[in-house]
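Chemist: Generate a structure from the sequence data that follows.
(chains A and B)
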Protein chains: 2
Amino acid sequence: MKLWFYLLPGLLLAVISASAQRPPSLQSPEVNADHSITFRYYSRNAQSVLVKGEFLTSPVVMTKDTAGIWSVTVAPVKPDIYPYSFVVDQVELADPNNVYLFANERFKRSIVDVPGDQPLIHAMENVPHGKVSYRYYRSKTLDSTRTLLVYTPPGFNRTGAKKYPVLYLIHGGSDTEETWTKVGKAHFIADNLIARKLAEPMIIVMPYANVRPRPMPEFTKDMINDIIPFIESNYPVQADSRGRAIAGFSVGGGQTLNIGLTNTDKFAYIAAYAPYTATEEFQRNFFNWSPPVERVNKQLRLFTISVGTEDFLFESVKKNIALFNEKHIRVKSYIVPGGHTWMNCKQFLATTLQEIFK
Amino acid sequence: MKLWFYLLPGLLLAVISASAQRPPSLQSPEVNADHSITFRYYSRNAQSVLVKGEFLTSPVVMTKDTAGIWSVTVAPVKPDIYPYSFVVDQVELADPNNVYLFANERFKRSIVDVPGDQPLIHAMENVPHGKVSYRYYRSKTLDSTRTLLVYTPPGFNRTGAKKYPVLYLIHGGSDTEETWTKVGKAHFIADNLIARKLAEPMIIVMPYANVRPRPMPEFTKDMINDIIPFIESNYPVQADSRGRAIAGFSVGGGQTLNIGLTNTDKFAYIAAYAPYTATEEFQRNFFNWSPPVERVNKQLRLFTISVGTEDFLFESVKKNIALFNEKHIRVKSYIVPGGHTWMNCKQFLATTLQEIFK
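Modeler: Okay, here's the model as predicted:
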């Protein structure tokens, strides 16, 4: 028994990974009391390290100490959840000391959460929590088994009399089915709004909307022919247009318009956030569109387009709004400060959740 | 309308990130037809880049071409899911071109999935799929709201007469509540075994077992006083010892022994995978343990300890087995080839799932 000894967990981990030398353990990011943030990165050989983040207007240079630790402290930021990355000799990397990564198939970014003095709308508060389920459905359209996430609200009752309305919520280009929860905190926003009786208890379905190498309209088919039937055969839902909303960001905002506006018999609520619409599908659907205006306006209980004035798609989105105005489709626009960001996206969603199913 | 144009999504993404120069887009890893794997990494300034992976006995040097692209092709490997990392000038990094990351709070590793010619036990097959739900419970022990994952099997019926047995499944040290699904594919293993009628339909609960800075025994309390009551008040479960199993890997294997063997009235099935037991809690629980042997052996319908012969804990685990043998506790040991790896872990789990609740 004398051979047994107590190892600190840190030491255990050092033993597990003994075959590689380890850089110093760094705290990065470090959110300071004044909401400034310190970033750190270790490299003896790098020539330049920048931090690039959605709280900055341009990348900031980090400086190296004699131990090879690069660091910088950026000025206090408004509390929010921000994506950032390091640019090391022109290679953009996630922060290797931060476990909180942006869920995306292309960008290598980390996330820093700067909590508010009062809990922000996306904070995990001590309120009743819904759950987020990873579901696997068979897509006949795409001939594959695909993942989607389903938020069910607190107190969700699968077998009671209540039928729940459903919001179909689509991620941005190169995001994944996890981005709306991991970055957008859609589930906590819904929990908080439902707890305050500002939103109706609803189901939120977050599919994976990337169908490449297939053409984009295949996702529209997948949504109509596979995803909605899967949800409606597995959940107690209000299976009519008043029980269905669709929303999405960026490329997913464009998909929202394509799916929603060509199916106003199925969706009474459509919300596009900074929609990316420079696609063949959008052009084909809407450029020569002669909608039955009265019927569409009657079917749509809510149609909103939201965008920030600094969004690189701002001019394009203004044209979208003008296009629908020109067609006499009733659209409400939310023009707010800010760029093409998930910070704005969370606010757009919080607004939508308070507007739909009422 | 002439101002509208069609942008390829890749171009869109380039526009979004125009403020940083981009490295060349690389495919890494590339799994070749013969199951060899090519790794690539871009850096003009690095002095040395190695690939380190659980399919290798020691790190392999990558070589740089004139464009700054480092690469190496490793010899064909046995189909499996392997963690790996790059060691760039002694800094261990995840592969920046691979979106599939190891869920861990400390290690920066990526995952490469080398599919078998026949689907492996963890493959996503076209069988009925259960679901994995992210749940948020209030831990009185830890005075916080914590996340856990709950797998419910295909055909799960919340309100029927059937009461489901529950496996509590614990991750390794510095892993997260997602490691058993993201790396261990516990849900697909269960789906596949249930579809073949090799495992009973069961619920699998995957908590977050890191309670630092609190001492480790607080997790034992959290499990008994918070997690189990949360599950049993929210799911139709068989709420007796024959309906409860506990299993875990590494630090979680040690936690499994601590929680399970001190609560044999609550767990009839205990499975420790390469348990890490050099802890005060284990020492206090078992070194001077005088168990009521007959009762414990009667309560335990299955008690297994599994380990690979190349595991750095192999000698320690052999001592665990000897300790329980010495105490006359009936323990079945599975000694297999391999190291302290999630490849082995998946096999251990597949074995356990076929042994419990029968």
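Chemist: okay, the spatially closest residue to A:V183 that is not a sequence neighbour: pLDDT?
Modeler: What sits nearest to A:V183 in space, not counting adjacent residues and going by CB to CB, 6 or more residues apart in numbering or on different chains, is A:W342, at 5.1 Å. The C-beta positions use only the backbone N, C-alpha and C, and glycine is treated the same way. Reported pLDDT at A:W342 in the predicted model: 96.
Chemist: A:T220 too?
Modeler: 98.
Chemist: again, but for A:M1
Modeler: Confidence per residue is given as pLDDT, and for A:M1 that number is 30.
Chemist: cool, and A:S25?
Modeler: 80.
Chemist: ok now do the closest residue to it other than its chain neighbours, which residues does it touch?
Modeler: When the adjacent residues along the chain are set aside, A:S25 lies closest to A:N97, with 7.7 Å between them (CB to CB, 6+ apart). Counting by CB atoms under 8 Å, 6 or more residues apart in numbering or on different chains, A:N97 makes contact with A:S25, A:L26, A:Q27, A:S28, A:R40, A:Y41.
Chemist: ok, now A:P96?
Modeler: If you count contacts by CB under 8 Å, 6+ apart, A:P96 has them with A:Y41, B:V91, B:E92, B:L93, B:A94, B:K108.
Chemist: again with A:F303
Modeler: Remark: with contacts taken as CB under 8 Å, 6+ apart, A:F303 is in contact with A:G260, A:L261, A:Y269, A:I270, A:A271, A:F324, A:I329, A:R330, A:V331, A:K332.
Chemist: please redo it, this time with the cut-off set to 7 Å
Modeler: By CB atoms under 7 Å, 6 or more residues apart in numbering or on different chains, the contact list for A:F303 reads A:I270, A:I329, A:R330, A:V331, A:K332.
Chemist: Which of the three states applies to it?
Modeler: When states are read from DSSP: H, G, I helix; E, B strand; the rest coil, the local structure at A:F303 comes out as strand.
Chemist: Show me what it is bridged to.
Modeler: According to DSSP bridges, A:I270 are recorded as the beta-bridge partners of A:F303.
Chemist: who in the stretch 251-358 of chain A is up against chain B?
Modeler: For the stretch 251-358 of chain A, the residues in contact with chain B (CB under 7 Å from any CB of the partner chain) are A:V251, A:Y276, A:A278, A:T279, A:E280, A:Q283, A:F287, A:F312, A:H340.
Chemist: Try it again at 10 Å.
Modeler: Within the stretch 251-358 of chain A, the positions lying close to chain B (CB under 10 Å from any CB of the partner chain) are A:251, A:276-280, A:282-283, A:287-288, A:312-313, A:315-316, A:319, A:323, A:339-340.
Chemist: mind listing what A:S333 touches?
Modeler: A:A272, A:F303, A:T304, A:I305, A:S306, A:V307, A:V317, A:K318, A:N320, A:I321, A:F324, A:N325 (CB atoms under 10 Å, 6 or more residues apart in numbering or on different chains).
Chemist: re earlier: can you tell me which of the contacts of A:N97 is nearest A:T145?
Modeler: The shortest distance between A:T145 and any of the contacts of A:N97, using CB to CB, involves A:S28 and amounts to 37.8 Å.
Chemist: So what's the residue count around that closest one?
Modeler: Taking other CB atoms under 10 Å in any protein chain shown as the neighbour definition, A:S28 ends up with a count of 21.
Chemist: Determine the three-state secondary structure at it.
Modeler: Three states are possible here, and by three-state DSSP the one that applies to A:S28 is coil.
Chemist: Now it, what are its backbone angles?
Modeler: When read as degrees, to the nearest 10, the backbone of A:S28 gives phi -150, psi 130.
Chemist: Tell me the pLDDT of it.
Modeler: A:S28 carries a pLDDT value of 96.
Chemist: circling back to that earlier point, min pLDDT across the contacts of A:P96, which one?
Modeler: Comparing pLDDT over the contacts of A:P96 singles out B:K108 as the least confident position, at 81.
Chemist: Might you specify the subset of the residues of the stretch 251-358 of chain A next to chain B located within strands?
Modeler: With strands defined by DSSP state E, no entry of those lies inside them.
Chemist: What subset of the residues you listed is buried?
Modeler: Those of those that meet the buried threshold are A:V251, A:Y276, A:T277, A:A278, A:T279, A:F282, A:L313, A:S316, A:K319, A:L323, A:G339, A:H340, by 16 or more other CB atoms under 10 Å in any protein chain shown.
Chemist: Give me the domain ranges for chain A.
Modeler: A:21-114, A:131-355 (automatic domain parsing).
Chemist: Please see if stretch A:198-214 touches chain B.
Modeler: Yes - part of stretch A:198-214 sits near chain B under the criterion CB under 10 Å from any CB, namely A:N210, A:R212.
Chemist: actually stretch A:100-119, sorry about that
Modeler: Yes - if you take CB under 10 Å from any CB as the test, stretch A:100-119 does meet chain B, through A:Y100, A:L101, A:A103, A:N104, A:E105, A:R106, A:F107, A:K108, A:R109.
Chemist: picking up where we left off before, so which of the contacts of A:N97 comes closest to A:D226?
Modeler: A:S28 (42.0 Å).
Chemist: separation between the residue nearest to A:E310 when sequence neighbours are not counted and B:F267?
Modeler: Counting by CB to CB, 6+ apart, A:E310 lies nearest to A:G339, which is 4.3 Å off, once chain neighbours are set aside. When CB to CB, to the nearest Å is the yardstick, A:G339 and B:F267 sit 52 Å from each other.
Chemist: same question, A:P165
Modeler: Distance check for A:P165 against B:F267: by CB to CB, it reads 41 Å.
Chemist: Next: A:S43.
Modeler: Using CB to CB, one obtains 48 Å as the distance from A:S43 to B:F267.
Chemist: Compare the two and say which one has the larger neighbour count.
Modeler: Neighbours around A:S43 and B:F267, counted as other CB under 10 Å, are more numerous at B:F267. The numbers are 28 against 24.
Chemist: give the contact list for the residue lying closest to A:S144 once chain neighbours are set aside.
Modeler: Excluding the flanking residues, the one nearest A:S144 by CB to CB, 6+ apart is A:R138, at 7.9 Å. For A:R138, the contact set (CB under 10 Å, 6+ apart) comprises A:S144, A:T145, A:R146, A:D226, A:F230, B:N126, B:P128, B:H129.
Chemist: all strands of the stretch 51-200 of chain A, in order?
Modeler: Counting by DSSP state E, counting those that start in this stretch, the segments of the stretch 51-200 of chain A that form strands are A:60-61, A:63-64, A:69-74, A:80-88, A:91-93, A:110-114, A:131-139, A:144-152, A:166-170.
Chemist: Would you map the helices across chain A?
Modeler: Per DSSP state H, chain A carries helices over the ranges A:9-16, A:179-182, A:186-195, A:217-221, A:228-234, A:251-261, A:280-286, A:293-299, A:314-326, A:342-355.
Chemist: Give me whichever of the ones you listed is most buried.
Modeler: Ranked by mean neighbour count, the helices of chain A are led by helix A:251-261 with a mean of 27 (mean count of other CB atoms under 10 Å in any protein chain shown).
Chemist: what's the pLDDT at A:A20?
Modeler: You'll see A:A20 listed with a pLDDT of 45.
Chemist: scratch that, A:N97
Modeler: A:N97 carries a pLDDT value of 89.
Chemist: and if you look at the one 4 residues further on?
Modeler: A:L101 carries a pLDDT value of 88.
Chemist: Burial check on it, number of neighbours?
Modeler: Residues contacting A:L101 under the criterion other CB under 10 Å number 20.
Chemist: and the gap between it and B:V211?
Modeler: The span separating A:L101 from B:V211 equals 23 Å under the rule CB to CB.
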